[in-house]
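A.B. asks: Give me the fold of what follows.
(one chain, ligands or ions: 1)
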Amino acid sequence: MNNAPSSASASIPPPVVSDPPRRLEKQIALVTGSGSGLGREIAIELARAGAAVVINYAHSAKSAEQTASEIRAEGGRALVVQGDVSREADVQAMFRRTCEECGTVDILVNNAGIEQDVAFDEMTLAQWQKVIDVNLTGQFLCAREAVRQFKRRGVRPEISSAAGKIICISSVHEVIPWAGHVNYCASKGGVMLMMKSLAQEVARDRIRVNSIAPGAIRTDINRHAWETPEAMRQLLTMIPYGRIGEPADVGRLAVWLASDQSDYITGTTIFIDGGMVLYPAFSSGKG
Ligand code: NAD
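C.D. replies: Below you'll find the model as predicted:
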């Protein structure tokens, strides 16, 4: 097996990267599950950076329309598309509609995700399967359609140095085990190696694939962990930086990771967690 880069790809010059405020101008971004939480904020930040954004939702059209309205109110472009990411036919229809209405897709943010927390010995197969279906299979189905589109189209140097960018929203739980959440951790651990293997496979097609792994970010998925003072106090014992994350923290990172500013980054997970993965229990220095 010869994995050496071809002479053609070895001679690709590094891009000339500037930092215009609207660095995603003329790009189309599809953000799954963007009617709420991180997806919503990521969609808004991508639009502020100039991308036209496809807002995907599975069940709540109203919240997706709210995200789209907010983007349009700021002068951005947004299209709302229904689709359950765990259903192959929905995902294919969502990409078809995106390409019909917007011409192509340049950026996929695989954000949709769920938790169904239960003790391991009480977990039903349905609870296991549902979380894997949405969090892992959903990311596979969307990434596959995106890669097909990126490969068909190739690089347009005037738009971006890459043929396409995929950002997988993972979690600190791709590396931190979490009792009572075995299905969730298995799904995010799966996302980690799916992302890395895919990044390796499509790098020579100039497709970049990376993950964002949030720690505790203030959204509905973890409301129980921050909504009372006692819960927040407990949570902060796990965050060396001393504050909970806000969705905009993640939105800004997604913009950077989607832009040519990060052109040499692929196959990497960026943790955005205020230091949660730094073993905070050891921070006193005592054994
Ligand atoms: P959220 O519940 O607000 O957002 C999840 C979104 O996914 C919702 O809009 C939901 O409707 C959508 N969704 C669920 N199933 C879907 C499906 N089958 N098809 C399409 N959309 C679907 O929670 P969030 O915190 O914004 O979560 C977003 C992502 O961030 C998830 O992947 C989650 O695992 C990850 N994450 C969040 C945190 C955090 O602290 N908030 C930490 C680590 C990882």
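
A.B. asks: May I have the secondary structure class of the nearest residue to Glu115 once chain neighbours are set aside?
C.D. replies: Distances taken as CB to CB, 6 or more residues apart in numbering put Tyr184 closest to Glu115, at 5.1 Å, once the chain neighbours are dropped. Bear in mind the C-beta positions are built from the backbone N, C-alpha and C, glycine included. Secondary structure, DSSP: H, G, I helix; E, B strand; the rest coil: Tyr184 is helix.

A.B. asks: and this protein, which residues reach the ligand?
C.D. replies: Counting by CB under 6 Å from any ligand atom, the chain comes close to the ligand at 32-33, 35-39, 56-58, 84-86, 111-114, 134, 138, 169, 171, 214, 216-217, 219-222.

A.B. asks: Restricted to helices, list these.
C.D. replies: Of the positions in the residues of the chain next to the ligand, 37-39, 138 sit in helices, assigned by DSSP state H.

A.B. asks: Give me the buried subset of those residues.
C.D. replies: 37-39, 138 (16 or more other CB atoms under 10 Å).

A.B. asks: one step back: pull the number of nearby residues for the residue nearest to Glu115.
C.D. replies: 21 (other CB atoms under 10 Å).

A.B. asks: Closest residue of the stretch 51-200 of the chain to the ligand?
C.D. replies: Here the stretch 51-200 of the chain gets closest to the ligand at one residue, Gly113, 2.2 Å apart by CB to the nearest ligand atom.

A.B. asks: Relative to Ile212, how far out is that residue?
C.D. replies: 12 Å (CB to CB, to the nearest Å).

A.B. asks: shared neighbours, those two?
C.D. replies: Ile169 (CB atoms under 8 Å, 6 or more residues apart in numbering).

A.B. asks: list the contacts for the residue nearest to Glu88 when sequence neighbours are not counted?
C.D. replies: Once flanking residues are discounted, Glu88 sits nearest to Leu141: 5.7 Å by CB to CB, 6+ apart. Applying CB under 8 Å, 6+ apart to Leu141 gives the contacts 85-88, 91.

A.B. asks: Can you dump the C-alpha atoms of stretch 205-216 in CSV for me?
C.D. replies: Only the C-alpha atoms of stretch 205-216 are listed here, as CSV (Å, rounded to 0.1, in the frame of the first residue of the first chain):
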residue,chain,number,x,y,z
ASP,A,205,-9.7,14.9,-1.7
ARG,A,206,-9.1,18.2,0.2
ILE,A,207,-11.9,17.5,2.6
ARG,A,208,-11.3,18.4,6.3
VAL,A,209,-13.1,16.6,9.1
ASN,A,210,-12.8,17.6,12.7
SER,A,211,-14.7,17.4,16.0
ILE,A,212,-15.7,20.0,18.6
ALA,A,213,-15.9,18.3,22.0
PRO,A,214,-17.9,20.6,24.4
GLY,A,215,-17.8,20.2,28.1
ALA,A,216,-20.7,21.8,30.0
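
A.B. asks: Which parts of it count as buried, going by neighbours?
C.D. replies: 206-216.

A.B. asks: quick one: which of these is nearest the ligand?
C.D. replies: Pro214 (3.8 Å).

A.B. asks: For the closest one, give the beta-bridge partners.
C.D. replies: Ile272 (DSSP bridges).

A.B. asks: for it, what are its contacts?
C.D. replies: 38, 169, 171-172, 245, 250, 272-273.

A.B. asks: In three-state terms, how would Glu45 be classified?
C.D. replies: Per three-state DSSP, Glu45 ends up helix.

A.B. asks: separation between it and Glu174?
C.D. replies: Distance from Glu45 to Glu174, by CB to CB: 23 Å.

A.B. asks: Ser11 too?
C.D. replies: 35 Å.

A.B. asks: Looking at these two, which is more packed in?
C.D. replies: Glu174 (21 against 8).

A.B. asks: hang on, the more buried one packs against Met194?
C.D. replies: No - between Glu174 and Met194 there is no contact under CB atoms under 8 Å: 10.4 Å.

A.B. asks: Can you give me the buried ones in the host helix or strand of Arg148?
C.D. replies: In this assignment (DSSP states H and E), Arg148 forms part of helix 138-153. Of the residues in helix 138-153, 138-143, 145-147, 149-150, 153 count as buried by neighbour count, 16+ other CB under 10 Å.

A.B. asks: Throw these into TSV and include pLDDT and distance to Trp256, thanks.
C.D. replies: Output for the buried residues of helix 138-153, formatted as TSV (pLDDT from 0 to 100; distance: CB to CB, whole Å):
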residue	pLDDT	distance to Trp256
Gly138	99	24
Gln139	99	20
Phe140	99	25
Leu141	99	26
Cys142	99	21
Ala143	99	20
Glu145	98	24
Ala146	99	19
Val147	99	22
Gln149	98	23
Phe150	98	19
Arg153	97	23
